[in-house]
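Chemist: Using only what follows, build the 3D model:
(2 chains)
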2 protein chains.
Amino acid sequence: MKEFDLIGRYFSNGGYKRKDVIIGIGDDCAVTKVPENQQLAVTTDTLVGGVHFLSDAPAKSVAYKTVAVNLSDLAAMGAEPAWISLSLSLPEVKEDWLAEFVDGLYELTQYYSVQLIGGDTVKGPMSMTITAQGFIPPGSELTRSGANPGDWVYVTGTLGDAGAGLDILQNTLEVKGEARDVLINRHYFPTPRVAVGTALRRIATSCIDISDGLLSDLNHILTASGCGANIHVDRLPLSRAITSAVDNDTAIEYALSAGDDYELIFTVSEEQKGNLETSLASTNVKATCIGQLSGHSSNLSLFKGEKPYTPKRDKGYEHNF
Amino acid sequence: MKEFDLIGRYFSNGGYKRKDVIIGIGDDCAVTKVPENQQLAVTTDTLVGGVHFLSDAPAKSVAYKTVAVNLSDLAAMGAEPAWISLSLSLPEVKEDWLAEFVDGLYELTQYYSVQLIGGDTVKGPMSMTITAQGFIPPGSELTRSGANPGDWVYVTGTLGDAGAGLDILQNTLEVKGEARDVLINRHYFPTPRVAVGTALRRIATSCIDISDGLLSDLNHILTASGCGANIHVDRLPLSRAITSAVDNDTAIEYALSAGDDYELIFTVSEEQKGNLETSLASTNVKATCIGQLSGHSSNLSLFKGEKPYTPKRDKGYEHNF
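Modeler: Sure, this is the predicted structure:
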């Protein structure tokens, strides 16, 4: 048995077991069963060491984040997660690192009842690709293209924390005490908004997750839906951690542009606002209305109070096709 | 738009279109529909530049091979291919290279009626991961574990050509003329045995594709099925190209151990031998019986004529989990 076959042993039990997995890890393919009357949602995201995560990031965070960004894509589509396949490229076999990676992977998959059904382990530069799959009833998928002028724009949770956490880790931002830990934690262990995604089915007119930053990702909705938006930066949801760590203007900049939050942006028609509150109540996640769509195609206007607001930076990461 | 978003444009039409793809490239997830009464087969393989393919391999070959090795896994399971997701990591954007890569990708996906439904493009060391999915009727999947003592062992096509082609490219084997082109071609453009895979449903008792080499991959069947095997090396199917290029003993060594052939190894009970011939007739692919399974668990014995044969090398590549 060769060195890299050994890696497979760390994953061979697949963690959480699902009844719809007929054959899991260990053959040429996994074999699964999609429930009747459900469509399949499929997403693939790759994280490269030194590009998408810090090269010295804890193994547990690397695993957690790779799973989370993929589940976040399923959430943004309104899908209920089911299975993941993992391709893991590593320059060398470090047993401690692998054990911690598997811990992070199984912690999140267990929580969301997701089974690892297969993958590949190769010797190469540190990088990991996950393909995640989930279920959506026909016609219930949340796309980027269904928004209409007049719809209200919401975001879940709080914005900017992960970006501030990254800057702390890179020593470009100095924060002490509990806020430091909270912000770093948000960078290392993002929470995919899975329950919100399914709760938004047939309520939201469009949805996307925030990987590149609020402005960048909201623009994808505007382009796909042919709408504009008026966004009020003083309504952006900010955590106590970020407001205690930086001044309000800086917090707004993080919230607009830093990315990696994995919160959801979604739009809701006036008529569905009541249903939205009821539907989100069960998820224990707060959603904040930050503005409204306009008919001015792709025109994203920011306001602070009554005045137009110009963002100071427009940082964003390389993105999916 | 950032440099790596541009890459996505090369893939944005997804090539071949299938009716079971409801949403293709361009949203957070693809959305697809598995036909009623079909199970889903899922496989993931990663190819790293300089590890799984030569760093200077033509882009068309890299694309072709990445798709082919994944379709080969589907074939080994008896699945009919449907969709692929591609994650592409490249150190830089070279338009000529990308155009040729897309050509190779679409040539093969068009041929097998497979749609590219999504993926990711990232800046990083050259590597590509494909997750391929296909359909199998319940109970028809070909596993590694269903073989029984007394079953006959078959391989498709000819063995060893791809390994000889690689050695030619690496200047460790000198071959001239047409044979040189044939062998290099087999390395660069492997043929996944898709039609054979589906033809073997309910006929073969086990199946695997040859990625690491005949000995290494047959051993996976023996381990999973708890059988031994007696294999006759003088029955190994060898191409005219390889027998004209090297002596018979060397050709046998390539056939046993070189890998990357992406032919299928499968086992068939005595009772099903007649059905096998009928079933394979439509595929235009020859299968050769190279031996028989024994009850001696995991014991793989080689014979040349009546005498035991000891292979000179046991080369194999790093492998899946």
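Chemist: close to chain B, is the longest helix seen in chain A?
Modeler: If you go by DSSP state H, chain A has its longest helix at helix A:59-77. Yes: applying C-beta under 8 Å from any C-beta of the partner chain, one finds helix A:59-77 in contact with chain B at A:73-74, A:76-77. For every residue, glycine as well, the C-beta is placed using N, CA and C.
Chemist: could those residues be laid out in JSON lines, adding neighbour count, pLDDT and distance to A:G160?
Modeler: JSON lines is the format used below for these (neighbours: other C-beta atoms under 10 Å in any protein chain shown; pLDDT from 0 to 100; distance: C-beta to C-beta, whole Å):
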{"residue": "A:D73", "neighbour count": "31", "pLDDT": "98", "distance to A:G160": "21"}
{"residue": "A:L74", "neighbour count": "30", "pLDDT": "98", "distance to A:G160": "24"}
{"residue": "A:A76", "neighbour count": "33", "pLDDT": "98", "distance to A:G160": "19"}
{"residue": "A:M77", "neighbour count": "30", "pLDDT": "98", "distance to A:G160": "24"}
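Chemist: Closest one of those to B:K19?
Modeler: Nearest to B:K19 among these is A:M77, at 19.9 Å by C-beta to C-beta.
Chemist: Wait, that closest one touches B:V31, no?
Modeler: Yes: the criterion here is C-beta atoms under 8 Å, and A:M77 meets it with B:V31 at 7.0 Å.
Chemist: Which residues are in contact with each of these two?
Modeler: Taking C-beta atoms under 8 Å, 6 or more residues apart in numbering or on different chains as the criterion, A:M77 and B:V31 both touch A:41, A:136, A:141.
Chemist: which one of these has the most neighbours?
Modeler: When these are compared by neighbour count (other C-beta atoms under 10 Å in any protein chain shown), A:A41 ends up highest, at 31 neighbours.
Chemist: so that one makes contact with A:G134?
Modeler: Yes: applying C-beta under 8 Å, one finds A:A41 in contact with A:G134, separated by 4.8 Å.
Chemist: Near chain B, which residues of the stretch 51-200 of chain A? Just list them.
Modeler: Within the stretch 51-200 of chain A, the positions near chain B by C-beta under 8 Å from any C-beta are A:51-52, A:73-74, A:76-77, A:79, A:83, A:85-87, A:89, A:117-125, A:127, A:129, A:131, A:133-134, A:136, A:138, A:141, A:143-145.
Chemist: Please report phi then psi for A:D27.
Modeler: Backbone torsions of A:D27, given as degrees, to the nearest 10, read phi -120, psi -170.
Chemist: domains of chain A?
Modeler: Using automatic domain parsing, the domain parsing of chain A gives A:3-136, A:152-308.
Chemist: chain center to the shortest one, what's the gap?
Modeler: Domain A:3-136 has its C-alpha centroid displaced from the chain centroid by 15 Å (C-alpha atoms, centre = their mean, to the nearest Å).
Chemist: which stretches of chain A form strands?
Modeler: With DSSP state E as the criterion, chain A has strands at A:21-23, A:30-32, A:39-48, A:80-90, A:115-123, A:127-136, A:152-156, A:204-209, A:228-232, A:264-268, A:287-294, A:300-304, A:307-308.
Chemist: B:I221: which of the ones you listed is closest?
Modeler: Between these, strand A:21-23 lies closest to B:I221; by C-beta to C-beta that is 14.9 Å.
Chemist: residues making contact with the closest one?
Modeler: Residues outside strand A:21-23 that contact it (C-beta under 8 Å, 6+ apart): A:14, A:29-33, A:83, A:115, A:117, B:39, B:141, B:143.
Chemist: That strand pairs with which strands, parallel or anti?
Modeler: Sheet partners assigned to strand A:21-23 using DSSP bridges are listed as strand A:30-32 (antiparallel).
Chemist: pLDDT of the strand it pairs with, averaged?
Modeler: Per-residue pLDDT over strand A:30-32 has a mean of 97.
Chemist: Mind giving me the packing neighbours of the longest helix of chain A?
Modeler: Under the contact criterion of 3 or more C-beta pairs under 8 Å, 6 or more residues apart in numbering or on different chains; DSSP states H and E, helix A:59-77 touches strand A:39-48, strand A:80-90, helix A:95-111, strand A:127-136, helix A:177-188, helix A:194-199, strand A:204-209.
Chemist: Show me the strands paired with the first one, marking each as parallel or antiparallel.
Modeler: If I follow you right, that is strand A:39-48. When DSSP bridges is applied, strand A:39-48 pairs with strand A:127-136 (antiparallel), strand B:30-32 (antiparallel).
Chemist: Around the residue of the stretch 1-150 of chain A found nearest chain B, how many other residues sit close by?
Modeler: Of all residues in the stretch 1-150 of chain A, the one sitting closest to chain B is A:G8 (2.4 Å; C-beta to the nearest C-beta). By other C-beta under 10 Å, the residues close to A:G8 number 20.
Chemist: which phi and psi does A:E36 have?
Modeler: Here is the backbone geometry of A:E36 (degrees, to the nearest 10): phi -60, psi 150.
Chemist: which non-adjacent residue is nearest it?
Modeler: In space, and not counting its chain neighbours, A:E36 is closest to B:E36: 7.4 Å by C-beta to C-beta, 6 or more residues apart in numbering or on different chains.
Chemist: and if you look at A:L236?
Modeler: A:L236 sits nearest to A:A255 (C-beta to C-beta, 6+ apart), 4.4 Å away.
Chemist: Now do that neighbour against B:A82, distance only.
Modeler: Distance, A:A255 to B:A82, by C-beta to C-beta, to the nearest Å: 41 Å.
Chemist: who's more crowded, the two?
Modeler: The residue with more neighbours, out of A:A255 and B:A82, is A:A255; 28 against 24, by other C-beta under 10 Å.
Chemist: That one and A:A287: what is the separation?
Modeler: Going from A:A255 to A:A287 by C-beta to C-beta gives 15 Å.
Chemist: Repeat that for A:H232.
Modeler: 15 Å.
Chemist: between these two, which one's more packed in?
Modeler: A:A287 (25 against 18).
Chemist: Chain B versus the more buried one, what's the distance?
Modeler: 18 Å (C-beta to the nearest C-beta, to the nearest Å).
Chemist: Enumerate the beta-bridge partners assigned to the residue nearest to that residue when sequence neighbours are not counted.
Modeler: Residue nearest to A:A287 in three dimensions, not counting chain neighbours: A:Y154, with 4.5 Å by C-beta to C-beta, 6+ apart. Counting by DSSP bridges, A:Y154 is bridged to A:F266, A:C289.
Chemist: these two touch, right, A:Y154 and A:S269?
Modeler: No: between A:Y154 and A:S269 there is no contact under C-beta under 8 Å: 11.8 Å.
Chemist: neighbour count winner among those two?
Modeler: Neighbours around A:Y154 and A:S269, counted as other C-beta under 10 Å, are more numerous at A:Y154. The numbers are 25 against 17.
Chemist: and the more buried one, what is it in contact with?
Modeler: A:Y154 makes contact with A:265-268, A:276, A:287-290, according to C-beta under 8 Å, 6+ apart.
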